[in-house]
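Visitor: I would like to see how this sequence folds:
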Amino acid sequence: LINNAGKVAEQGGVPIWEIRDDDWRAVIDANLTGAFYCSRAIARHMVERGRGKIINISSGYGLRGGRDNYMYVAAKAAVVNLTRSLAVTYGDKGIRVNCIAPGIFPHTSEAEERWRGGKYIPVGRVGRAWEMGPLAVFLASEAAAGINGETIAQDGGGLAGGVGPTGWAPMI
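Guide: Numbering: from 1, shown residues only. Predicted coordinates for the structure are as follows:
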């Protein structure tokens with residue numbers, strides 16, 4: 001199972017007191033509740049088989065805060081801990097649960113320009129969508145049988161170098 005649904009807040013950049021309840025629920029449900037429901041639906045079958053893999057997709061925002069970004073950050077951080085809880089609960093049942101936390105993977109040239117092409121990311125560029133697949137395939141394979149409860153940041157070294165999606169880029 002790969003839980004990869006996501007929704008960013010349409011109401012970003014506003015003070016917390018201006019966030020509407022419906023917007024909060026929509027982002028939490030898309031990013032966290034969906035992963036919970038899908039995991040709940042498949043976990044029993046995996047336990048009965050004595051094996052299974054669940055891969056959750058979080059975000060670099062799930063590992064750090066973001067300016068005026070409450071809903072998405074909270075939901076993606078919760079996905080990281082949902083991963084950990086599932087891993088420690090079902091690891092002895094043959095189920096491996098891990099998480100991928102992508103960094104900056106823009107889907108448009110405008111978004112890539114906003115991040116200056118990855119100028120501040122240690123590898124010197126933003127992520128490419130096709131790079132996610134091989135990591136997911138590895139985590140789903142027997143080569144990753146000993147990996148459980150981990151969150152792997154696929155961010156070009158952004159978190160390691162202190163550069164991440166905080167709404168602020170350092171002046172170098």
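
Visitor: contacts only, for residue 93.
Guide: 46, 47, 50 (CB atoms under 8 Å, 6 or more residues apart in numbering). Every C-beta, even on glycine, is put in place using the N, C-alpha and C of the backbone.

Visitor: in CSV, list the residues you listed along with neighbour count and secondary structure.
Guide: Putting these into CSV (neighbours: other CB atoms under 10 Å; DSSP: H, G, I helix; E, B strand; the rest coil) gives the following:
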residue, neighbour count, secondary structure
46, 20, helix
47, 15, helix
50, 9, coil
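
Visitor: out of these, which is nearest to residue 135?
Guide: If you rank the contacts of residue 93 by distance to residue 135 using CB to CB, residue 46 comes first, at 20.7 Å.

Visitor: assign residue 98 to helix, strand or coil.
Guide: The three-state label given to residue 98 by DSSP: H, G, I helix; E, B strand; the rest coil is strand.

Visitor: count of neighbours near residue 101?
Guide: Applying other CB atoms under 10 Å, we find 24 residues neighbouring residue 101.

Visitor: could you point out the helix or strand that follows the helix or strand hosting it?
Guide: Per DSSP states H and E, residue 101 falls inside strand 95-102. The helix or strand immediately downstream of strand 95-102 is helix 109-114, counting by DSSP H and E.

Visitor: check which residues of that next one are buried.
Guide: residue 112 (16 or more other CB atoms under 10 Å).

Visitor: got the contacts of residue 93 as TSV, with pLDDT and distance to residue 75 columns?
Guide: Putting the contacts of residue 93 into TSV (pLDDT from 0 to 100; distance: CB to CB, whole Å) gives the following:
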residue	pLDDT	distance to residue 75
46	98	24
47	98	26
50	98	31
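
Visitor: pLDDT-wise, which helix or strand of this protein ranks last?
Guide: Confidence across the helices and strands of the chain bottoms out at helix 109-114, with a mean of 83, counting by mean pLDDT, DSSP states H and E.

Visitor: check which helices and strands it is in contact with.
Guide: Secondary-structure packing of helix 109-114 (3 or more CB pairs under 8 Å, 6 or more residues apart in numbering; DSSP states H and E): no helix or strand packs against it.

Visitor: residues contacting that helix, please?
Guide: 106, 118, 126.

Visitor: neighbour count and pLDDT added to those residues, as CSV?
Guide: Output for the contacts of helix 109-114, formatted as CSV (neighbours: other CB atoms under 10 Å; pLDDT from 0 to 100):
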residue, neighbour count, pLDDT
106, 17, 85
118, 20, 82
126, 21, 90
